[in-house]
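K.L.:
coordinates only, sequence not included:
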């Protein structure tokens, strides 16, 4: 009996010399376009012929604005996003406009942007590109990503610039 207890004690103590195994818990990936999801990898050419890519946006706070020339709320909010880009661009803030193309433009997109005072990069948002951002549920759609590329705010429909500025300031 003593022998069995002695063997059991040796076995327990021998186990103490081995480091505890680490269990890696894989976090569930947040679907694209949902709060907490990551800025997707993408590359596209803007209307001026310049490449716009997610690689260029690393370590920046990024506002993605999905818009269309025929969208009245888009026309109303885009100049506010340009003001934010002008005000905070030197602090590592960038705005990218993704032009939805599910309907014909009501005017030339560059002329439209020039008329409303917008000069941040504007890209045609193909279906494949929109899917990377979680698809299109309505216009306008605006998403704010932090410096780590995590989606912090998303609004489908019109939102006042002040609301995005309030969300932007703490993550700059």
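P.N.:
Sure, I can see it. Quick caveat: nothing in here was measured; it's all calculated off a predicted structure. Numbers count the residues shown, from 1 in each chain.
K.L.:
which residues in the chain form strands?
P.N.:
Assigned by DSSP state E, the chain shows strands spanning 43-45, 51-53, 61-67, 93-100, 122-125, 141-145, 151-156.
K.L.:
make CSV out of these and add mean pLDDT.
P.N.:
Converted to CSV, these look like this (pLDDT from 0 to 100):
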stretch, mean pLDDT
strand 43-45, 95
strand 51-53, 97
strand 61-67, 98
strand 93-100, 98
strand 122-125, 95
strand 141-145, 98
strand 151-156, 98
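K.L.:
mean neighbour count added to those, as JSON lines?
P.N.:
In short, each C-beta sits where N, CA and C put it, glycine included. What follows is the strands of the chain, written out as JSON lines (neighbours: other Cβ atoms under 10 Å):
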{"stretch": "strand 43-45", "mean neighbour count": "14"}
{"stretch": "strand 51-53", "mean neighbour count": "15"}
{"stretch": "strand 61-67", "mean neighbour count": "24"}
{"stretch": "strand 93-100", "mean neighbour count": "23"}
{"stretch": "strand 122-125", "mean neighbour count": "21"}
{"stretch": "strand 141-145", "mean neighbour count": "23"}
{"stretch": "strand 151-156", "mean neighbour count": "18"}
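K.L.:
CSV for the ones you listed, including distance to residue 132?
P.N.:
Shown next, in CSV, are the strands of the chain (distance: least, Cβ to Cβ, whole Å):
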stretch, distance to residue 132
strand 43-45, 10
strand 51-53, 12
strand 61-67, 10
strand 93-100, 10
strand 122-125, 10
strand 141-145, 11
strand 151-156, 12
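K.L.:
nearest to residue 31, of those strands?
P.N.:
Taking Cβ to Cβ, strand 151-156 is the member of those nearest to residue 31, at 10.5 Å.
K.L.:
ok now stretch 155-172, how far from the chain's centre?
P.N.:
For stretch 155-172, the separation from the chain centroid amounts to 13 Å (computed by Cα atoms, centre = their mean, to the nearest Å).
K.L.:
what about stretch 68-77, average pLDDT?
P.N.:
Regarding stretch 68-77, the rounded mean pLDDT is 97.
K.L.:
buried residues, it. List them.
P.N.:
Buried residues in stretch 68-77, counted by 16 or more other Cβ atoms under 10 Å: 68, 69, 71, 74, 75, 77.
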